[in-house]
Structure formats: C-alpha cells, structure tokens
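> test case, fold it:
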Amino acid sequence: MTRSGHLPRILGLETEYAIVSHRIIPEQGKDTSPLSPAECIDELFRGTSTQNRARNRYLSNGGRLYVDLGSHPEYATAECSNARDVAVNDRAGEHLLLDLLNAANERLAIKNIRLHLLKTNTDSGDATFGCHENYQVLRETIESLDPGFISFLVTRIILTGAGGIDAKGNYVLSPRAFHIHQVTSADPTKQRPLIVTREEAHADAEKYARLQVTFGDSNMAETATEMKLRYTSAVLDYLEGGGTLADLALADPIAALRDTSRLGPDTALDLADGGTTTALKLQEHVLQRCEEQGSSELSDIRHMINCLKAGDSRSISDSVDWVCKRGLLTQAAAKHQLDLTSPLISRLNLAFHDIDEKHGLADRLRQAGNLKTLFDPEEIASAKTNPPGDTRARVRGYFISEADRLELQYSVSWTHVRLDSPPQPQIDLMDASSSQDKRVAALVEKMKTLPPQTLSALARLKAGLGPLY
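Sure, this is the predicted structure:
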C-alpha cells in the first residue's frame, strides 16, 4: 500500500522493561528485593556468550536489544512496512528477553532469588518506563505538525491505554499520562514529552524525518499494539494526503491527556477555538475523516468506538488493555472485599505485565481467550531470528547472521554495516524501504572466502562474537 505516491510508511517500536527481584521464600530480616536494578541486569545477561556486547546488540531479526539509562532492558523492533510486522517483532523481543530471564532464574534459584521482567509503564514505586513509536514521515509533515494530530494522540488512550491505579487508588486509563509534561521536546527523559523532536531520521534526512511518539503505553494485547500503529499510520496518511485536523486542536493537550486518563472517554475537553468536545467524539471525527479519504483497514476501530459510545466496553475487553485490566482488578477487589489501594490488587496490577509465562497473567489471559491473539507460537519463534522481508532490516539481519556464523568482527547501526576484521569500507544503508543491497551481498560473499579468524577466548568475548544466548 502506498501513501500519496510515496513508499509504504516505515514503522518501529521501542519498549522499555522494568526489572525487579524478590526472594522466592521470604527470609526474616532480609530485604524482599535482594538485588538492585544494576545487579538484576548483570544476572540477566550473565552467562551469555556475548555478555559485554549483548547489552547493546543489533540482532539477526532486525531488532536491537540494549540496556537503557536507569539499568533497564529495552528492545527496539526492526524497521517494518506495516503494523502487523511491528507487533510480531515486538513479541519476538519479549520472547528473547524471556529466554534470558528463564536462564537467569534457573541459576538464581539456588540463592532463593527470582527476577521478573515487566512490560509496564509504571511500577509499584511509580517509576515510569516508555513505549516509543516511530513513524517515518515526510520532512514537511513534522516541520509543520498539524495541532489536531496532537489531539488525536492525546485522546487515543481511550483505545490504547494500558490501565492502572493512581496514587489515590483511582482506576485510570493510562498511568503514564501523569508523567508527561510537555507536548514536544528534544529531551525524552527529563521533560518527558508527547513527541521527541531531536533529529535522528535514520533515513535520507532531506526527504524524511522520524516522528517519535514517546508517551504511549506498552500493551499486553497483541491486537492493541498492532491497532495503535496501524491507526496512527492511517492518520498520518490522511494528513500527508492533504487532510487537516487543525479544527480539533485542544486548548491544553497535557491537561486533556490527564483528564481523559482520570475521567474516561466522555469527559469534557476544551478546544483551542473555545468549543468543547470529548475524547470519544474527537476520535470519531478523526476516524470518519480517515474513512472518507479512503482508509479501508479501520473497521475494528469503528467497532471499538461504537462500543464505547453505547457504554458497552465489555465487548472490547479482549482487545483493549485498560478494559481487560479493569475487569480483572475490580472482580478481584470485590471477591476479596478490598479497595484498589490494597497491596494484593497492586501485585495483581503488576502481574498483568509480567512476561513470565508461569508467574504473569497475560499469557494465561491469552490462553483463556480473555486477550485476543494475532500470532501463533511458530510465527513469534520465527520472528526471533528472521527479519521482515521487505525493509532495510532484511539486509542488516542477513549481514549479522552471516558475520556471526563466520565469527567475524563487525559493526552495525540502523543505517550502516561494516566488517572490522579484516577491515572493509563502511556501507551506508539510508533507504529504510530497500530490502536488497548489492554491496552488502558482495561483502557477504567475500566474507565466506576469508580464512578462519584466530582469536583468543578473551578477544572473542570482547569482540562480541557468537549468538545472543
């Protein structure tokens, strides 16, 4: 599918994970969290054949696994040409981390310690973790960003929010909403904006820019991850096709974000032109304009909005995280005669995001049919090692897999590959939509003719040779 005569939009997702430890059996007089976050990271990557480099490694599936500021793991998907590929690559990253987690917990069991990885946006200490969406857009799109697009993002949480409990014990659509302070900023950590404006196109910067949406929630429902990327991409298609949302500009987007999270889809929001609307009405306006322009892949979103209009959120609980989690927590609170501030409910809230198949809830909810699935286990397993076949990720992934197989030293980024030993010129890959490159293919053929590298075990470890785990 093309957009306004341009190549398919390139999409990607970056997901930060919280990592925590606890004692399997409580020990009197000892801390229930025996390891610091940094120590948890050490244990997570301990024993990998590439322990140093695995903490910041581009992978053969096109993704990247690394440790971000604050000692938490982060997985970035490959560049993808459609939302479904992003969602399955995101799940593959989750499973790569789960492999590391299971290996670490097997080693730590003798010490009475277990690690947990949480795909969450806030933890019990109210720290926040990001889920950053990346969209390749035309340069003029980001240079004169439609103010109504901000309104769309802010109110989108009625469909994409992860759900949670605020400090006062109130259920909210998006706990991360209360950590966002600005509409745009070049600094994604200190000022926590809706959109990061720093210049990192990862493509031809004269034609394209990277729109990085940094306030969104991580979703456990596969359908929600895929839907938010597909819907947002459709809205960008509408804008780049000549449409406008300027009449939907909000008077105070940050206040509107928090009010929508706290009060729900029908709360009144002030528009910049002096009028009022609601998150639900605004989303309906946006959807209708996309449909009128010809977007044909949004029927599920129309269904969701219709259900919310009818007050029937239960019908979409298997596709919308905040609805599913609200039912789970309120039922548990009623059963045990607790309020939402109870430690038991807090643990249940975090268990929703625990990726461990034995201790987390998401996998059990999927198996019970309470969370819809898009991917079978074989598709996720394939995405752990195989990149998307129609983007730059295919070129980079092929180079990495062959260099690893041949045990050669190399350097890569999103936009280049380079063989370091024996040294070869760097090959720049600035076209994210190109899935073939004759220069890289020729380099790989040359690599196959090279004599085996003779490195000591220490040099091999420092070079980061071998598979991830």
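> ranges for the helices of the stretch 251-400 of the chain?
Using DSSP state H, counting those that start in this stretch, the helices found in the stretch 251-400 of the chain span residues 253-263, 279-293, 299-309, 321-335, 343-351, 362-367, 377-383, 392-406.
> can I get those helices in TSV including mean neighbour count, distance to Thr223 and mean pLDDT?
All C-beta atoms are positioned from the backbone trio N, CA, C, and that covers glycine. What follows is those, written out as TSV (neighbours: other Cβ atoms under 10 Å; distance: least, Cβ to Cβ, whole Å; pLDDT from 0 to 100):
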stretch	mean neighbour count	distance to Thr223	mean pLDDT
helix 253-263	21	21	98
helix 279-293	20	17	97
helix 299-309	17	8	97
helix 321-335	19	10	97
helix 343-351	16	20	94
helix 362-367	17	11	95
helix 377-383	15	15	98
helix 392-406	22	23	96
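> any idea which of those helices gets closest to Thr225?
Closest approach to Thr225 among the helices of the stretch 251-400 of the chain is made by helix 321-335 (9.5 Å; Cβ to Cβ).
> how about the helix ranked longest in the chain: buried residues?
Longest helix in the chain by number of residues (criterion: DSSP state H): helix 83-108. Neighbour-count burial for helix 83-108 flags 83-94, 96-98, 100-101, 103-105, 108 (criterion: 16 or more other Cβ atoms under 10 Å).
> give the next helix or strand downstream of that helix.
Per DSSP states H and E, helix 83-108 leads on to strand 113-118 as the next helix or strand towards the C-terminus.
> other SSEs contacting that next one?
Applying 3 or more Cβ pairs under 8 Å, 6 or more residues apart in numbering; DSSP states H and E, one finds that strand 113-118 makes contact with strand 18-23, helix 37-45, helix 83-108.
> one more time with 6 Å, if that's ok
Contacts defined by 3 or more Cβ pairs under 6 Å, 6 or more residues apart in numbering; DSSP states H and E place strand 113-118 against strand 18-23, helix 83-108.
> and these, which one is worst for confidence?
Lowest mean pLDDT within the helices and strands packed on strand 113-118: strand 18-23, a mean of 94.
> and the angle for that strand with helix 83-108?
With axes from the mean of the first three to the mean of the last three Cα atoms, to 10 degrees defining the directions, strand 18-23 sits at 30 degrees from helix 83-108.
> for the remainder of this discussion, apply numbering that starts at 737.
Happy to do that; since the first residue is 737 now, the last one works out to strand 754-759.
> can you tell me the strand partners of strand 754-759 and which way each runs?
When pairing is defined by DSSP bridges, strand 754-759 lines up against strand 849-854 (antiparallel).
> on that earlier part again, as JSON lines, the helices and strands packed on strand 849-854 with distance to Arg946 would be great.
Below are the helices and strands packed on strand 849-854 laid out as JSON lines (distance: least, Cβ to Cβ, whole Å):
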{"stretch": "strand 754-759", "distance to Arg946": "26"}
{"stretch": "helix 819-844", "distance to Arg946": "14"}
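> nearest to Ala1178, of the ones you listed?
helix 819-844 (27.2 Å).
> give me the helices and strands touching the closest one, please.
Checked by 3+ Cβ pairs under 6 Å, 6+ apart, helix 819-844 has strand 747-752, helix 773-781, strand 849-854, helix 958-976, helix 1113-1119 packed alongside it.
> could I get the ones you listed as CSV with distance to Leu1076?
Output for the helices and strands packed on helix 819-844, formatted as CSV (distance: least, Cβ to Cβ, whole Å):
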stretch, distance to Leu1076
strand 747-752, 25
helix 773-781, 26
strand 849-854, 19
helix 958-976, 22
helix 1113-1119, 33
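> which of the ones you listed has the lowest average pLDDT?
Mean pLDDT is lowest for helix 773-781 among the helices and strands packed on helix 819-844, at a mean of 92.
> what does stretch 1162-1171 contact?
Stretch 1162-1171 has contacts (Cβ atoms under 6 Å, 6 or more residues apart in numbering) with 743, 746, 815, 939-940, 1126-1128, 1130, 1151-1154, 1175-1176.
> make it 8 Å
Contacts to stretch 1162-1171, defined as Cβ atoms under 8 Å, 6 or more residues apart in numbering, come from residues 743-744, 746, 815, 817, 872, 938-940, 1125-1128, 1130-1132, 1147, 1151-1154, 1173, 1175-1176, 1179.
> what's the span of it from first residue to last?
From the first residue to the last, stretch 1162-1171 extends over 18 Å; the measure is Cα to Cα, to the nearest Å.
> centre of the chain versus that stretch, how much separation?
Computed by Cα atoms, centre = their mean, to the nearest Å, the separation of stretch 1162-1171 from the middle of its chain amounts to 23 Å.
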